[in-house]
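Enquirer: can't give you the sequence, but here's the structure:
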(Lines give C-alpha, C1' and ligand atoms only; values in the text may rest on other atoms or scores of the structure.)
Protein backbone atom coordinates (compact mmCIF):
# COMPACT_ATOMS: atom_id res chain seq x y z
CA UNK A 1 0.00 0.00 0.00
CA UNK A 2 1.32 3.43 -0.92
CA UNK A 3 1.33 5.90 1.97
CA UNK A 4 2.01 9.60 1.44
CA UNK A 5 5.15 10.41 3.36
CA UNK A 6 5.98 13.77 4.91
CA UNK A 7 9.54 14.63 3.79
CA UNK A 8 12.11 17.13 4.96
CA UNK A 9 11.21 20.39 3.24
CA UNK A 10 11.72 24.14 3.24
CA UNK A 11 14.42 25.84 5.27
CA UNK A 12 16.41 24.28 8.12
CA UNK A 13 16.53 20.80 6.62
CA UNK A 14 19.10 18.42 8.15
CA UNK A 15 22.17 18.59 5.93
CA UNK A 16 22.54 15.53 3.70
CA UNK A 17 26.30 16.10 3.72
CA UNK A 18 26.43 15.90 7.52
CA UNK A 19 24.15 12.85 7.60
CA UNK A 20 26.36 11.07 5.07
CA UNK A 21 29.53 11.94 7.00
CA UNK A 22 28.57 9.23 9.51
CA UNK A 23 30.34 5.96 8.64
CA UNK A 24 28.33 3.99 11.24
CA UNK A 25 31.47 2.88 13.07
CA UNK A 26 29.67 2.72 16.43
CA UNK A 27 32.35 4.50 18.45
CA UNK A 28 29.63 6.85 19.71
CA UNK A 29 27.54 4.11 21.32
CA UNK A 30 29.30 3.89 24.66
CA UNK A 31 29.23 7.67 25.08
CA UNK A 32 25.47 7.99 24.48
CA UNK A 33 23.40 8.21 27.70
CA UNK A 34 20.18 6.87 26.18
CA UNK A 35 21.95 3.95 24.53
CA UNK A 36 23.67 3.17 27.83
CA UNK A 37 20.26 3.09 29.50
CA UNK A 38 18.30 1.14 26.87
CA UNK A 39 20.85 -0.85 24.86
CA UNK A 40 18.74 -0.16 21.75
CA UNK A 41 20.40 0.72 18.45
CA UNK A 42 17.65 3.23 17.62
CA UNK A 43 18.46 5.04 20.89
CA UNK A 44 22.04 5.69 19.78
CA UNK A 45 23.45 8.52 17.62
CA UNK A 46 24.16 6.01 14.85
CA UNK A 47 20.59 4.74 15.00
CA UNK A 48 19.12 8.22 14.97
CA UNK A 49 21.28 9.25 12.01
CA UNK A 50 20.04 6.13 10.21
CA UNK A 51 16.48 7.37 10.79
CA UNK A 52 17.37 10.86 9.52
CA UNK A 53 18.94 9.30 6.43
CA UNK A 54 15.80 7.25 5.83
CA UNK A 55 13.65 10.40 5.88
CA UNK A 56 16.19 12.27 3.74
CA UNK A 57 16.05 9.50 1.12
CA UNK A 58 12.24 9.18 1.23
CA UNK A 59 12.13 5.68 2.72
CA UNK A 60 10.16 6.86 5.74
CA UNK A 61 8.41 10.14 6.55
CA UNK A 62 8.27 12.56 9.44
CA UNK A 63 5.14 10.76 10.62
CA UNK A 64 7.23 7.70 11.54
CA UNK A 65 6.53 7.02 15.21
CA UNK A 66 10.07 5.73 15.73
CA UNK A 67 11.54 8.88 14.18
CA UNK A 68 9.42 11.16 16.36
CA UNK A 69 10.20 9.16 19.49
CA UNK A 70 13.95 9.14 18.93
CA UNK A 71 14.25 12.82 18.02
CA UNK A 72 12.48 13.57 21.32
CA UNK A 73 14.36 11.00 23.41
CA UNK A 74 17.80 12.34 22.44
CA UNK A 75 19.28 14.65 25.09
CA UNK A 76 21.37 16.59 22.55
CA UNK A 77 24.24 16.23 25.02
CA UNK A 78 26.74 16.14 22.12
CA UNK A 79 28.84 13.41 23.76
CA UNK A 80 28.83 11.60 20.42
CA UNK A 81 30.44 14.60 18.72
CA UNK A 82 33.33 14.59 21.16
CA UNK A 83 34.31 11.00 20.27
CA UNK A 84 33.32 10.87 16.58
CA UNK A 85 36.37 10.20 14.36
CA UNK A 86 34.49 11.52 11.31
CA UNK A 87 33.56 14.83 12.94
CA UNK A 88 29.80 14.43 12.44
CA UNK A 89 28.01 17.63 13.53
CA UNK A 90 25.24 15.69 15.19
CA UNK A 91 23.73 18.60 17.11
CA UNK A 92 23.05 20.54 13.90
CA UNK A 93 21.11 17.73 12.20
CA UNK A 94 19.22 16.84 15.38
CA UNK A 95 18.06 20.43 15.88
CA UNK A 96 17.07 20.69 12.21
CA UNK A 97 15.12 17.41 12.47
CA UNK A 98 13.19 18.81 15.40
CA UNK A 99 12.40 21.96 13.41
CA UNK A 100 11.04 19.77 10.60
CA UNK A 101 8.78 17.91 13.02
CA UNK A 102 7.45 21.15 14.52
CA UNK A 103 6.73 22.61 11.07
CA UNK A 104 4.90 19.43 10.06
CA UNK A 105 2.83 19.47 13.25
CA UNK A 106 1.87 23.10 12.77
CA UNK A 107 1.08 22.97 9.07
CA UNK A 108 -0.39 19.50 8.73
CA UNK A 109 0.90 19.58 5.16
CA UNK A 110 1.26 16.20 3.43
CA UNK A 111 3.15 15.69 0.21
CA UNK A 112 3.11 12.45 -1.80
CA UNK A 113 6.23 10.31 -1.64
CA UNK A 114 7.32 6.82 -2.51
CA UNK A 115 6.07 3.68 -0.85
CA UNK A 116 6.81 3.41 2.86
CA UNK A 117 9.29 0.87 4.12
CA UNK A 118 8.55 -1.56 6.90
CA UNK A 119 10.88 0.33 9.24
CA UNK A 120 7.98 1.66 11.26
CA UNK A 121 4.21 2.04 11.02
CA UNK A 122 3.20 5.44 9.71
CA UNK A 123 -0.11 7.24 9.80
CA UNK A 124 -0.90 9.40 6.79
CA UNK A 125 -0.75 12.65 8.79
CA UNK A 126 1.28 14.19 11.57
CA UNK A 127 -1.18 15.26 14.28
CA UNK A 128 -0.57 18.44 16.28
CA UNK A 129 0.80 18.26 19.79
CA UNK A 130 -1.72 17.88 22.64
CA UNK A 131 -3.21 21.16 23.82
CA UNK A 132 -1.18 21.21 27.07
CA UNK A 133 2.08 20.77 25.16
CA UNK A 134 1.18 23.55 22.73
CA UNK A 135 0.31 25.81 25.65
CA UNK A 136 3.59 24.97 27.41
CA UNK A 137 5.68 25.59 24.29
CA UNK A 138 3.82 28.81 23.63
CA UNK A 139 4.50 30.04 27.15
CA UNK A 140 8.16 29.00 27.16
CA UNK A 141 9.24 29.76 23.58
CA UNK A 142 6.78 32.48 22.69
CA UNK A 143 6.58 34.52 25.87
CA UNK A 144 8.62 33.90 29.02
CA UNK A 145 12.06 33.46 27.46
CA UNK A 146 11.59 36.22 24.90
CA UNK A 147 10.50 38.94 27.29
CA UNK A 148 12.53 39.22 30.48
CA UNK A 149 9.79 41.30 32.09
CA UNK A 150 7.42 38.35 31.79
CA UNK A 151 10.11 35.95 32.96
CA UNK A 152 10.84 38.04 36.05
CA UNK A 153 7.11 38.30 36.79
CA UNK A 154 6.83 34.52 36.54
CA UNK A 155 9.85 34.13 38.80
CA UNK A 156 8.23 36.49 41.29
CA UNK A 157 5.03 34.43 41.32
CA UNK A 158 7.06 31.27 41.95
CA UNK A 159 8.86 33.02 44.81
CA UNK A 160 5.47 33.93 46.30
CA UNK A 161 4.37 30.31 45.88
CA UNK A 162 7.37 29.21 47.93
CA UNK A 163 7.23 31.86 50.64
CA UNK A 164 3.47 32.00 51.18
CA UNK A 165 3.16 28.40 52.35
CA UNK A 166 1.32 27.22 49.23
CA UNK A 167 4.32 25.08 48.27
CA UNK A 168 4.26 23.33 51.65
CA UNK A 169 0.53 22.62 51.30
CA UNK A 170 0.92 21.40 47.72
CA UNK A 171 3.66 18.97 48.72
CA UNK A 172 2.01 17.70 51.89
CA UNK A 173 -1.46 17.31 50.39
CA UNK A 174 -0.34 15.12 47.51
CA UNK A 175 -1.78 17.56 44.97
CA UNK A 176 1.47 17.61 43.01
CA UNK A 177 1.47 13.83 42.70
CA UNK A 178 -2.14 13.91 41.57
CA UNK A 179 -1.29 16.13 38.60
CA UNK A 180 2.00 14.37 37.88
CA UNK A 181 4.22 17.34 38.80
CA UNK A 182 5.82 16.12 42.04
CA UNK A 183 9.20 15.21 40.56
CA UNK A 184 9.39 18.36 38.41
CA UNK A 185 8.39 20.65 41.30
CA UNK A 186 11.03 19.03 43.52
CA UNK A 187 13.72 20.65 41.35
CA UNK A 188 12.41 24.19 41.87
CA UNK A 189 15.20 26.15 43.58
CA UNK A 190 14.62 28.79 46.27
CA UNK A 191 13.64 32.01 44.51
CA UNK A 192 13.90 35.60 45.69
CA UNK A 193 11.70 37.02 42.97
CA UNK A 194 14.18 39.74 42.04
CA UNK A 195 17.42 39.95 40.08
CA UNK A 196 20.24 41.16 42.31
CA UNK A 197 22.56 41.95 39.39
CA UNK A 198 20.51 44.37 37.27
CA UNK A 199 21.54 45.15 33.72
CA UNK A 200 23.33 48.43 33.06
CA UNK A 201 25.74 48.08 35.99
CA UNK A 202 29.53 48.37 35.78
CA UNK A 203 31.66 46.72 38.46
CA UNK A 204 35.26 48.02 38.74
CA UNK A 205 38.31 45.78 38.86
CA UNK A 206 39.79 45.14 42.31
CA UNK A 207 43.28 44.21 41.18
CA UNK A 208 44.52 42.17 44.10
CA UNK A 209 48.23 42.69 43.41
CA UNK A 210 48.17 41.03 40.01
CA UNK A 211 51.03 41.21 37.55
CA UNK A 212 48.58 40.80 34.65
CA UNK A 213 46.96 43.91 33.14
CA UNK A 214 43.36 44.66 33.76
CA UNK A 215 40.66 43.25 31.51
CA UNK A 216 37.33 44.69 30.48
CA UNK A 217 34.64 42.03 30.17
CA UNK A 218 30.89 41.97 29.61
CA UNK A 219 28.75 39.27 31.19
CA UNK A 220 25.57 37.53 30.10
CA UNK A 221 22.86 37.85 32.76
CA UNK A 222 20.42 35.61 30.89
CA UNK A 223 17.08 34.39 32.21
CA UNK A 224 17.22 31.56 34.76
CA UNK A 225 20.69 32.57 35.91
CA UNK A 226 19.59 36.14 36.63
CA UNK A 227 16.71 35.02 38.87
CA UNK A 228 17.05 31.51 40.30
CA UNK A 229 20.86 31.71 40.34
CA UNK A 230 21.52 35.42 40.85
CA UNK A 231 23.86 34.54 43.74
CA UNK A 232 26.06 32.72 41.21
CA UNK A 233 26.19 35.90 39.14
CA UNK A 234 27.26 37.85 42.23
CA UNK A 235 30.01 35.30 42.93
CA UNK A 236 31.14 35.40 39.29
CA UNK A 237 31.41 39.18 39.33
CA UNK A 238 33.45 39.17 42.56
CA UNK A 239 35.82 36.50 41.21
CA UNK A 240 36.33 38.45 37.99
CA UNK A 241 36.93 41.65 39.96
CA UNK A 242 39.52 39.87 42.12
CA UNK A 243 41.27 38.92 38.89
CA UNK A 244 41.60 42.47 37.62
CA UNK A 245 38.44 42.62 35.50
CA UNK A 246 36.07 45.48 35.03
CA UNK A 247 32.67 43.78 34.55
CA UNK A 248 29.90 45.28 32.42
CA UNK A 249 26.29 44.06 32.39
CA UNK A 250 25.00 45.64 29.17
CA UNK A 251 21.30 46.51 28.98
CA UNK A 252 19.08 45.08 26.28
CA UNK A 253 20.39 41.53 26.52
CA UNK A 254 18.11 38.54 27.10
CA UNK A 255 17.82 34.77 27.01
CA UNK A 256 20.58 33.08 25.01
CA UNK A 257 18.07 31.05 22.96
CA UNK A 258 19.32 27.60 23.97
CA UNK A 259 15.87 26.20 24.77
CA UNK A 260 14.56 27.45 21.42
CA UNK A 261 17.37 26.04 19.30
CA UNK A 262 17.35 22.68 21.08
CA UNK A 263 13.54 22.47 21.03
CA UNK A 264 12.85 22.92 17.32
CA UNK A 265 12.35 26.70 17.25
CA UNK A 266 15.42 27.93 15.38
CA UNK A 267 13.63 31.11 14.29
CA UNK A 268 13.02 31.98 17.94
CA UNK A 269 16.66 31.24 18.69
CA UNK A 270 17.74 33.53 15.85
CA UNK A 271 15.58 36.35 17.18
CA UNK A 272 17.23 36.10 20.60
CA UNK A 273 20.70 35.78 19.05
CA UNK A 274 20.22 39.05 17.16
CA UNK A 275 19.02 40.76 20.35
CA UNK A 276 22.13 39.68 22.26
CA UNK A 277 24.55 40.50 19.47
CA UNK A 278 23.10 44.02 19.29
CA UNK A 279 23.37 44.40 23.08
CA UNK A 280 27.03 43.33 23.30
CA UNK A 281 28.63 44.65 20.12
CA UNK A 282 30.56 47.91 20.15
CA UNK A 283 31.47 47.69 23.84
CA UNK A 284 35.20 47.28 23.17
CA UNK A 285 35.53 44.51 25.77
CA UNK A 286 38.17 41.81 25.82
CA UNK A 287 35.66 39.02 26.33
CA UNK A 288 31.97 38.21 26.75
CA UNK A 289 31.77 36.00 29.84
CA UNK A 290 29.19 33.25 30.31
CA UNK A 291 28.88 31.23 33.52
CA UNK A 292 26.24 28.73 32.30
CA UNK A 293 27.47 25.90 30.06
CA UNK A 294 24.32 25.62 27.95
CA UNK A 295 24.20 29.37 27.33
CA UNK A 296 27.86 29.52 26.36
CA UNK A 297 27.53 26.63 23.95
CA UNK A 298 24.57 28.24 22.17
CA UNK A 299 26.21 31.67 22.03
CA UNK A 300 29.35 30.19 20.49
CA UNK A 301 27.12 28.79 17.72
CA UNK A 302 25.43 32.06 16.77
CA UNK A 303 27.61 32.10 13.66
CA UNK A 304 26.07 28.81 12.51
CA UNK A 305 22.59 29.92 13.55
CA UNK A 306 22.81 33.10 11.43
CA UNK A 307 25.05 31.86 8.62
CA UNK A 308 22.28 32.33 6.02
CA UNK A 309 21.52 35.89 7.17
CA UNK A 310 23.86 38.26 5.26
CA UNK A 311 22.93 41.20 7.47
CA UNK A 312 23.92 39.40 10.66
CA UNK A 313 26.45 36.72 9.66
CA UNK A 314 29.53 38.94 10.08
CA UNK A 315 28.20 40.49 13.29
CA UNK A 316 27.56 37.01 14.68
CA UNK A 317 31.08 35.84 13.86
CA UNK A 318 32.59 38.90 15.57
CA UNK A 319 30.41 38.26 18.62
CA UNK A 320 31.34 34.56 18.80
CA UNK A 321 35.04 35.42 18.69
CA UNK A 322 34.71 37.12 22.08
CA UNK A 323 32.47 34.62 23.90
CA UNK A 324 34.32 32.84 26.72
CA UNK A 325 33.11 30.43 29.34
CA UNK A 326 34.13 31.83 32.71
CA UNK A 327 36.35 28.81 33.47
CA UNK A 328 37.96 29.05 30.05
CA UNK A 329 38.67 32.74 30.64
CA UNK A 330 40.03 32.43 34.19
CA UNK A 331 42.26 29.49 33.27
CA UNK A 332 43.62 31.49 30.33
CA UNK A 333 44.84 34.45 32.37
CA UNK A 334 47.20 34.67 35.30
CA UNK A 335 44.82 33.59 38.05
CA UNK A 336 45.06 35.51 41.30
CA UNK A 337 46.10 32.52 43.41
CA UNK A 338 47.69 34.74 46.08
CA UNK A 339 44.24 35.94 47.10
CA UNK A 340 42.80 32.44 47.60
CA UNK A 341 42.23 31.26 51.17
CA UNK A 342 41.83 27.65 52.30
CA UNK A 343 38.64 25.65 51.86
CA UNK A 344 38.79 22.36 53.74
CA UNK A 345 36.33 20.58 51.47
CA UNK A 346 36.12 17.36 49.48
CA UNK A 347 34.58 18.09 46.08
CA UNK A 348 33.59 16.00 43.09
CA UNK A 349 33.02 17.59 39.69
CA UNK A 350 29.99 16.86 37.52
CA UNK A 351 30.79 17.91 33.96
CA UNK A 352 27.93 19.69 32.17
CA UNK A 353 27.48 18.20 28.70
CA UNK A 354 27.56 21.52 26.89
CA UNK A 355 30.80 22.44 28.61
CA UNK A 356 32.62 19.13 28.19
CA UNK A 357 31.25 17.95 24.84
CA UNK A 358 29.97 21.00 22.95
CA UNK A 359 32.68 23.45 24.09
CA UNK A 360 35.35 20.80 24.83
CA UNK A 361 36.23 22.49 28.12
CA UNK A 362 37.30 19.80 30.58
CA UNK A 363 40.73 20.62 32.02
CA UNK A 364 40.05 24.25 32.97
CA UNK A 365 37.33 23.65 35.59
CA UNK A 366 39.51 21.05 37.28
CA UNK A 367 42.53 23.38 37.20
CA UNK A 368 40.51 26.07 38.99
CA UNK A 369 39.30 23.64 41.64
CA UNK A 370 42.82 22.33 42.18
CA UNK A 371 44.05 25.92 42.61
CA UNK A 372 42.00 26.33 45.80
CA UNK A 373 44.15 25.57 48.87
CA UNK A 374 42.76 22.79 51.06
CA UNK A 375 40.21 21.59 48.51
CA UNK A 376 40.38 17.89 47.63
CA UNK A 377 39.05 17.03 44.17
CA UNK A 378 37.65 13.50 43.97
CA UNK A 379 36.84 12.28 40.47
CA UNK A 380 33.48 10.55 40.11
CA UNK A 381 32.78 7.68 37.70
CA UNK A 382 31.12 8.75 34.42
CA UNK A 383 31.66 12.42 35.25
CA UNK A 384 30.78 13.53 31.70
CA UNK A 385 27.72 11.29 31.21
CA UNK A 386 24.58 13.43 31.00
CA UNK A 387 22.67 13.97 34.25
CA UNK A 388 19.33 13.95 32.40
CA UNK A 389 18.46 17.63 32.72
CA UNK A 390 18.86 18.85 29.12
CA UNK A 391 16.61 21.91 29.21
CA UNK A 392 12.97 20.80 29.44
CA UNK A 393 13.87 17.10 29.07
CA UNK A 394 12.70 16.49 32.64
CA UNK A 395 9.18 17.41 31.48
CA UNK A 396 9.18 15.75 28.05
CA UNK A 397 11.04 12.56 29.05
CA UNK A 398 10.59 12.28 32.84
CA UNK A 399 11.43 8.57 33.17
CA UNK A 400 14.70 8.74 31.26
CA UNK A 401 15.61 12.00 33.01
CA UNK A 402 14.97 10.47 36.43
CA UNK A 403 17.00 7.37 35.60
CA UNK A 404 19.99 9.40 34.41
CA UNK A 405 19.71 11.77 37.38
CA UNK A 406 19.77 8.85 39.80
CA UNK A 407 22.77 7.35 38.00
CA UNK A 408 24.67 10.64 38.15
CA UNK A 409 23.98 11.28 41.84
CA UNK A 410 24.84 7.68 42.69
CA UNK A 411 28.22 8.15 41.00
CA UNK A 412 28.77 11.43 42.84
CA UNK A 413 27.88 9.95 46.24
CA UNK A 414 30.24 7.04 45.65
CA UNK A 415 33.15 9.48 46.06
CA UNK A 416 32.08 10.50 49.57
CA UNK A 417 32.57 14.15 48.63
CA UNK A 418 30.87 16.88 50.64
CA UNK A 419 30.15 19.02 47.57
CA UNK A 420 29.16 18.33 43.96
CA UNK A 421 30.57 21.10 41.78
CA UNK A 422 28.96 21.96 38.46
CA UNK A 423 28.67 24.82 35.96
CA UNK A 424 25.14 24.81 34.53
CA UNK A 425 21.72 25.66 36.00
CA UNK A 426 19.90 22.63 34.60
CA UNK A 427 22.51 20.29 36.04
CA UNK A 428 22.39 22.06 39.40
CA UNK A 429 18.60 21.71 39.57
CA UNK A 430 18.69 18.06 38.52
CA UNK A 431 21.37 17.14 41.06
CA UNK A 432 19.78 19.08 43.92
CA UNK A 433 16.37 17.55 43.21
CA UNK A 434 17.71 13.99 43.28
CA UNK A 435 19.69 14.70 46.46
CA UNK A 436 16.51 16.01 48.14
CA UNK A 437 14.60 12.92 47.06
CA UNK A 438 17.26 10.77 48.72
CA UNK A 439 17.54 12.95 51.81
CA UNK A 440 21.28 13.40 51.28
CA UNK A 441 23.10 16.26 53.00
CA UNK A 442 25.42 17.05 50.09
CA UNK A 443 25.73 20.53 48.60
CA UNK A 444 25.61 21.44 44.91
CA UNK A 445 27.83 24.44 44.20
CA UNK A 446 29.10 26.25 41.14
CA UNK A 447 32.87 26.30 40.70
CA UNK A 448 32.81 30.12 40.74
CA UNK A 449 31.00 29.98 44.09
CA UNK A 450 33.82 27.88 45.52
CA UNK A 451 36.41 30.30 44.12
CA UNK A 452 34.44 33.22 45.59
CA UNK A 453 34.36 31.49 48.99
CA UNK A 454 38.10 30.91 48.81
CA UNK A 455 38.78 34.58 48.03
CA UNK A 456 36.52 35.56 50.95
CA UNK A 457 38.39 33.18 53.25
CA UNK A 458 41.72 34.91 52.66
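Expert: Nice, thanks for sending it over. Predicted model only: the values in this text are computed from it and were never measured.

Enquirer: Show me the helices in the stretch 101-250 of the chain, by range?
Expert: When assigned using DSSP state H, counting those that start in this stretch, the helices of the stretch 101-250 of the chain occupy the ranges 131-139, 148-163, 166-173, 175-178, 182-186, 224-227, 230-242.

Enquirer: Could you look over the ones you listed and pick the most buried one?
Expert: helix 224-227 (a mean of 24; mean count of other C-beta atoms under 10 Å). Bear in mind the C-beta positions are built from the backbone N, C-alpha and C, glycine included.

Enquirer: same question for it, mean pLDDT?
Expert: Computed over helix 224-227, the mean pLDDT rounds to 87.

Enquirer: ditto for stretch 56-65
Expert: In this model, stretch 56-65 has a mean pLDDT of 93.

Enquirer: Then stretch 270-283?
Expert: Stretch 270-283 shows a mean pLDDT of 96.

Enquirer: Report the buried residues of that stretch.
Expert: Residues of stretch 270-283 classed as buried by neighbour count (16 or more other C-beta atoms under 10 Å): 270, 272, 273, 274, 275, 276, 277, 279, 280.

Enquirer: Make CSV out of the helices of the stretch 101-250 of the chain and add distance to residue 320.
Expert: Below are these laid out as CSV (distance: least, C-beta to C-beta, whole Å):
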stretch, distance to residue 320
helix 131-139, 27
helix 148-163, 22
helix 166-173, 40
helix 175-178, 41
helix 182-186, 33
helix 224-227, 20
helix 230-242, 20
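
Enquirer: With residue 342 as the reference, name the closest of those.
Expert: helix 230-242 (16.0 Å; C-beta to C-beta).

Enquirer: just checking, what packs against that closest one?
Expert: If contacts are counted by 3 or more C-beta pairs under 8 Å, 6 or more residues apart in numbering; DSSP states H and E, helix 230-242 sits against strand 202-203, strand 215-219, helix 224-227, strand 245-248, helix 326-331, helix 447-456.

Enquirer: got the contact list for that helix?
Expert: Contact with helix 230-242 is made by 192, 194-197, 203-206, 208, 217, 219, 221, 225-226, 247, 289, 291, 326, 330, 336, 339, 446, 448-449, 451-452, 455, as judged by C-beta atoms under 8 Å, 6 or more residues apart in numbering.

Enquirer: Flag whichever of the helices and strands packed on helix 230-242 has the least confidence on average.
Expert: Among the helices and strands packed on helix 230-242, helix 224-227 carries the lowest mean pLDDT, a mean of 87.

Enquirer: Show me what that one is packed against.
Expert: helix 148-163, helix 230-242.

Enquirer: Pull the distance from it to the chain's centre.
Expert: Centre-to-centre, helix 224-227 and its host chain are 14 Å apart (C-alpha atoms, centre = their mean, to the nearest Å).

Enquirer: what's the answer for stretch 327-337, then?
Expert: Computed by C-alpha atoms, centre = their mean, the chain-centroid distance of stretch 327-337 equals 23 Å.

Enquirer: Generate a PyMOL selection restricted to the buried subset of the contacts of helix 230-242.
Expert: To isolate the buried members of these in PyMOL, using 16+ other C-beta under 10 Å:
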select buried, resi 195+197+203+205+206+217+219+221+225+226+247+289+291+326+330+336+339+446+448+449+451+452+455
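
Enquirer: okay, now residue 38: neighbour count?
Expert: If you count neighbours by other C-beta atoms under 10 Å, residue 38 ends up with 15.

Enquirer: and of the helices of the stretch 101-250 of the chain, who's closest to residue 311?
Expert: helix 148-163 (24.3 Å).

Enquirer: now that closest one: mean pLDDT?
Expert: What helix 148-163 shows for mean pLDDT is 71.

Enquirer: tell me the centre residue of the protein?
Expert: Nearest to the mean C-alpha position of the chain, by C-alpha atoms, centre = their mean, lies residue 294 at 3.2 Å.

Enquirer: next SSE after the helix or strand hosting that residue?
Expert: Residue 294 is part of helix 293-299 when elements are defined by DSSP states H and E. Following helix 293-299 in sequence order, the next helix or strand is helix 302-305 (DSSP H and E).

Enquirer: Could I get the average pLDDT for that following helix?
Expert: In the prediction, helix 302-305 has an average pLDDT of 96.

Enquirer: For that helix, name the packing helices and strands.
Expert: Judged by 3+ C-beta pairs under 8 Å, 6+ apart, the packing partners of helix 302-305 are helix 266-280, helix 313-320.

Enquirer: what sits up against that helix?
Expert: For helix 302-305, the external contacting residues (C-beta under 8 Å, 6+ apart) are 92, 257, 261, 266, 269-270, 273, 276-277, 313, 316-317, 319-320.

Enquirer: Nearest to residue 380 among those?
Expert: Closest approach to residue 380 among the contacts of helix 302-305 (C-beta to C-beta): residue 261, at 29.2 Å.

Enquirer: ok, the closest one - contacts?
Expert: Neighbouring residues of residue 261 by C-beta under 8 Å, 6+ apart: 95, 269, 298, 301, 305.

Enquirer: Apart from its chain neighbours, what residue comes closest to residue 276?
Expert: The shortest distance from residue 276 to any non-neighbouring residue, by C-beta to C-beta, 6 or more residues apart in numbering, is to residue 253 (5.3 Å).

Enquirer: How confident was the prediction at that neighbour?
Expert: Predicted confidence (pLDDT) at residue 253: the value is 94.

Enquirer: can you pull the contacts of it?
Expert: Residue 253 makes contacts with 199, 220, 221, 222, 275, 276, 279, 280, as judged by C-beta under 8 Å, 6+ apart.

Enquirer: quick one: the fourth one and residue 424, what's the gap?
Expert: Going back to what we said before, that points to residue 222. 12 Å (C-beta to C-beta, to the nearest Å).

Enquirer: list the residues that contact both of the two?
Expert: residue 292.

Enquirer: isn't there a helix covering residue 386?
Expert: No. Under DSSP: H, G, I helix; E, B strand; the rest coil, residue 386 falls outside any helix and is assigned coil.

Enquirer: returning to what we had before: export the helices and strands packed on helix 230-242 to TSV and tack on distance to residue 233?
Expert: Formatted as TSV, the helices and strands packed on helix 230-242 follow (distance: least, C-beta to C-beta, whole Å):
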stretch	distance to residue 233
strand 202-203	11
strand 215-219	7
helix 224-227	6
strand 245-248	10
helix 326-331	11
helix 447-456	9
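
Enquirer: Now do the buried residues in the one helix or strand residue 369 maps to.
Expert: Assigned by DSSP H and E, residue 369 falls within helix 363-370. Neighbour-count burial for helix 363-370, with 16+ other C-beta under 10 Å as criterion, is recorded at 364, 365, 366, 368, 369.

Enquirer: Whichever helix or strand comes after that helix - which strands sit beside it in the sheet, and in what orientation?
Expert: Next helix or strand after helix 363-370 toward the C-terminus (DSSP H and E): strand 376-377. Its sheet considered, strand 376-377 pairs with strand 346-349 (parallel) by DSSP bridges.
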